[in-house]
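> Please work out how this folds:
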Amino acid sequence: PFGLKGRGINLPARIVAVADVYDALTTERVYKKAHSHSDALQIIRQEREKHFDPDVVEAFESNLEEINRVRERLSQVL
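Below is the predicted model of the structure:
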C-alpha cells in the first residue's frame, strides 16, 4: 500500500510478513497440505531481498527453535 518498499515498510509489518507466510506454508488447510518445515524455509530464503527483508529472515532463522516451541504450545491450546 501507498507504494512503500523495503525499509519504508515499518518493521512490525516486515516481521509479520515472514511469520504469516511461514505459518501459511506449514499449516494444513482444507484446500492444501502443509509444507514441511524445510520446504517452507527454502521458500522464504528464496524470497529474501525480493519479498522479505533479509534482516528479518535472518532473525527468523536465528530464532526458529523458540518460534517452533511457541507454535507447538499454541497448537495445543487452539
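> Quick one: low-confidence residue ranges for the protein.
1, 78 (pLDDT under 70).
> now the helices: where do they sit in it?
Counting by DSSP state H, residue ranges of the helices within the chain are 11-26, 37-46, 54-62, 64-77.
> could those go into a markdown table alongside mean neighbour count?
C-beta coordinates here come from the backbone N, C-alpha and C atoms, glycine included. What follows is the helices of the chain, written out as a markdown table (neighbours: other C-beta atoms under 10 Å):
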| stretch | mean neighbour count |
| --- | --- |
| helix 11-26 | 15 |
| helix 37-46 | 14 |
| helix 54-62 | 14 |
| helix 64-77 | 10 |
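> Leu4 is nearest to which of those?
helix 11-26 (8.8 Å; C-beta to C-beta).
> CA atoms only for that closest one, dumped as CSV, please.
Backbone C-alpha positions of helix 11-26 (Å, rounded to 0.1, in the frame of the first residue of the first chain) are rendered in CSV as follows:
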residue,chain,number,x,y,z
LEU,A,11,9.4,-3.2,10.9
PRO,A,12,6.4,-4.9,12.6
ALA,A,13,4.8,-5.3,9.1
ARG,A,14,8.1,-6.8,7.8
ILE,A,15,8.2,-9.3,10.7
VAL,A,16,4.6,-10.3,10.4
ALA,A,17,5.0,-10.9,6.6
VAL,A,18,7.6,-13.6,7.3
ALA,A,19,5.7,-15.1,10.2
ASP,A,20,2.5,-15.1,8.2
VAL,A,21,4.0,-16.9,5.2
TYR,A,22,5.8,-19.4,7.4
ASP,A,23,2.5,-20.2,9.2
ALA,A,24,0.5,-20.4,6.0
LEU,A,25,3.0,-22.7,4.4
THR,A,26,3.4,-25.1,7.4
